[in-house]
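Peer 1: mind looking at a prediction? Sequence and model below.
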Amino acid sequence: MLSNFGVLAVLALGASAAPPGADPTVVAARNYKVLFENERVRVLTFHAGPGERWALHSHPDAVVVSLDDFTVRNEVPGAAPTERKAKRGDAAWIPARSHTGENVGGSDMDCVLVELKEPPPRATTPNADTNRHDDMTLPTRVGVAD
């Protein structure tokens, strides 16, 4: 289910002295934890309690999945603040940006954020099949467990 960026909580904004480009796992270490990382992606977990704010930081292009229902106030430097509501299981594409945020709802916020790194190099073999995934098993059902 795709919300209208309701899960931007992970990218949410609030006041801080951190420079744009700051790593969220450094400047908001209480909220962001690295779950997995390789040369292609970094997967972060995010948690914030009701009323909690987090420091200015940046993310590259990413996909975010909400694990709870919540309301977040987002601030991108130079833009008007926005308030978004997310539902458990919402997923959204998030373009690269710097931001801060605040959990303005009465419930915890939990998300998983998949940050994208540089795209893979293009295949150099003229007939390379770049859509094959023989080396991986994909889940048959994707969702949030009840």
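Peer 2: Cool, the structure landed.

Peer 1: going forward, measure contacts between C-alpha atoms and count neighbours the same way
Peer 2: Fine.

Peer 1: pull out the buried positions in stretch 111-118.
Peer 2: Within stretch 111-118, the residues scored as buried using 16 or more other Cα atoms under 10 Å are 111, 112, 113, 114, 115, 116.

Peer 1: what's the closest non-adjacent residue to the third one?
Peer 2: Which is residue 113. Leaving aside its chain neighbours, residue 113 sits nearest to residue 64 (4.3 Å; criterion: Cα to Cα, 6 or more residues apart in numbering).

Peer 1: wait, the one you found sits on residue 110?
Peer 2: No. With contact defined as Cα atoms under 8 Å, residue 64 does not count as touching residue 110 (10.4 Å).

Peer 1: between the two, which one's more packed in?
Peer 2: residue 64 (27 against 21; other Cα atoms under 10 Å).

Peer 1: what's the helix or strand harbouring that one packed up against?
Peer 2: For residue 64, the host element (DSSP states H and E) is strand 62-66. Where contact means 3 or more Cα pairs under 8 Å, 6 or more residues apart in numbering; DSSP states H and E, strand 62-66 is packed against strand 91-94, strand 109-116.

Peer 1: out of the ones you listed, which gets nearest to residue 33?
Peer 2: strand 109-116 (9.7 Å; Cα to Cα).

Peer 1: partners of that closest one in the sheet?
Peer 2: strand 41-48 (antiparallel), strand 62-66 (antiparallel) (DSSP bridges).

Peer 1: burial-wise, tell me which of the ones you listed comes out on top.
Peer 2: Ranked by mean neighbour count under mean count of other Cα atoms under 10 Å, the strands paired with strand 109-116 are led by strand 62-66, which reaches a mean of 24.

Peer 1: quick check: what element follows it along the chain?
Peer 2: strand 70-75.

Peer 1: what angle do that next one and strand 41-48 make?
Peer 2: For strand 70-75 against strand 41-48, the angle between stretch directions is 110 degrees (axes from the mean of the first three to the mean of the last three Cα atoms, to 10 degrees).

Peer 1: which of the helices and strands packed on strand 62-66 sits closest to residue 68?
Peer 2: Going by Cα to Cα, the one of the helices and strands packed on strand 62-66 nearest residue 68 is strand 109-116, 5.8 Å.
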